[in-house]
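Engineer: Could you look at this predicted model? Sequence included:
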Amino acid sequence: TEVAPGAVHVPDWLGPGEQRQLVEHCRTWARPPAGLREVTTPGGGRMSVRQFGLGWHWFPYGYARTAVDGDGAPVKPMPPLLVDLARRIATAALDEDFATAAYDIALINFYDADARMGMHRDQDEKSPDPVVSLSLGDTCVFRFGNTDTRAKPYTDVELRSGDAFVFGGPSRLAYHGVPKILPGTAPPALGLTGRLNLTLRVSGLA
Ligand code: MD3
Ligand code: FE
């Protein structure tokens, strides 16, 4: 479903078995060193979403190879399985071949029932290649805005466990956020309380 030019929602991309495997991988990757951490903004606020990176570590507002605002450890490598997933999903969703695109970042966000993400643009990457998002666990309300302002107009879409979403072309720099988690909506078989979101990206960095 195209929400806007270049913004494509693909419900149920991952089957139940693939979702379980990916959650299991995330539990492993989230452990120290350079594991799941709280993110502090330059103004001294704390994001309610907890995060870690594979390939690169994101901090407000840049990328590093070490967990500069965490334990300082080198980040774990970008797993080939996530490179492959990103290339396949981007190619399936958009009218362009991303089979050899250089996906080298996975940012993995964890939302508990009260976590939210304010409206923002992702512009720390130097590459225009699409961002691929995968949702696991609780359903969220995802808010897709416009390129000019963080205010209306926007479109709210529910993202469920197993859904993919691709943001390329004219949507790559659109404002977006997560105003709400719907607690208790995760598939029981996942054994996950809360929501995991993987965003797969091309840094364009060396
Ligand atoms: C639209 N994450 O990590 S994923 C983020 O669900 C982020 O955790 C949200 O926004 C989450 O930066 C939303 C969907 C998403 C990701 C990247 C985008 C939408 C995007 C980049 C450009 C436009
Ligand atoms: Fe974002």
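Structural biologist: Looks like it came in fine. Bear in mind that the values here come from a model prediction, so they are computed numbers and not experimental data. Ligands and ions are numbered 1, 2, ... in the order given.
Engineer: and the lengthiest strand in the chain, C-alpha only, in PDB?
Structural biologist: Scanning the chain for the strand with the most residues, using DSSP state E, yields strand 46-54. Provided in PDB are the C-alpha atoms of strand 46-54 (Å, rounded to 0.1, in the frame of the first residue of the first chain):
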ATOM      1  CA  ARG A  46      15.900  11.300  27.700                       C
ATOM      2  CA  MET A  47      14.200   9.500  24.900                       C
ATOM      3  CA  SER A  48      11.600   7.000  26.000                       C
ATOM      4  CA  VAL A  49      12.600   4.700  23.200                       C
ATOM      5  CA  ARG A  50      15.700   2.600  24.000                       C
ATOM      6  CA  GLN A  51      18.000   1.800  21.100                       C
ATOM      7  CA  PHE A  52      21.200   0.200  19.800                       C
ATOM      8  CA  GLY A  53      22.900   0.000  16.400                       C
ATOM      9  CA  LEU A  54      24.500  -2.700  14.300                       C
END
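Engineer: and the helix or strand following that strand, how far out from the chain's middle?
Structural biologist: The C-terminal neighbour of strand 46-54 among helices and strands, as given by DSSP states H and E, is strand 57-59. Computed by C-alpha atoms, centre = their mean, to the nearest Å, the chain-centroid distance of strand 57-59 equals 13 Å.
Engineer: Not counting its own residues, what contacts strand 57-59?
Structural biologist: For strand 57-59, contacts defined as C-beta atoms under 8 Å, 6 or more residues apart in numbering pick out 34, 39, 51, 63-70, 75, 105, 107, 124. For glycine as for every other residue, the C-beta is placed from the backbone atoms N, C-alpha and C.
Engineer: Can I get the buried part of those as one ChimeraX selection?
Structural biologist: Restricted to buried positions by 16 or more other C-beta atoms under 10 Å, the ChimeraX selection for the contacts of strand 57-59 reads:
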select :34,39,51,63,64,66,67,70,75,105,107,124
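Engineer: re the thing from before, against which helices or strands is the longest strand of the chain packed?
Structural biologist: The elements that strand 46-54 packs onto, with contact taken as 3 or more C-beta pairs under 8 Å, 6 or more residues apart in numbering; DSSP states H and E, are strand 37-40, strand 105-111, strand 117-120.
Engineer: If we use 7 Å, what do you get?
Structural biologist: strand 37-40, strand 105-111 (3 or more C-beta pairs under 7 Å, 6 or more residues apart in numbering; DSSP states H and E).
Engineer: What strands line up against the last one, and which way round?
Structural biologist: Yep, that's strand 105-111 we're talking about. Applying DSSP bridges to the sheet, strand 105-111 is found paired with strand 46-54 (antiparallel), strand 195-201 (antiparallel).
Engineer: and what of the shortest one?
Structural biologist: Strand pairing for strand 37-40, using DSSP bridges, gives strand 46-54 (antiparallel).
Engineer: Okay, buried residues for the partner strand please.
Structural biologist: By neighbour count on 16+ other C-beta under 10 Å, the buried set for strand 46-54 is 47, 48, 49, 50, 51, 52, 53, 54.
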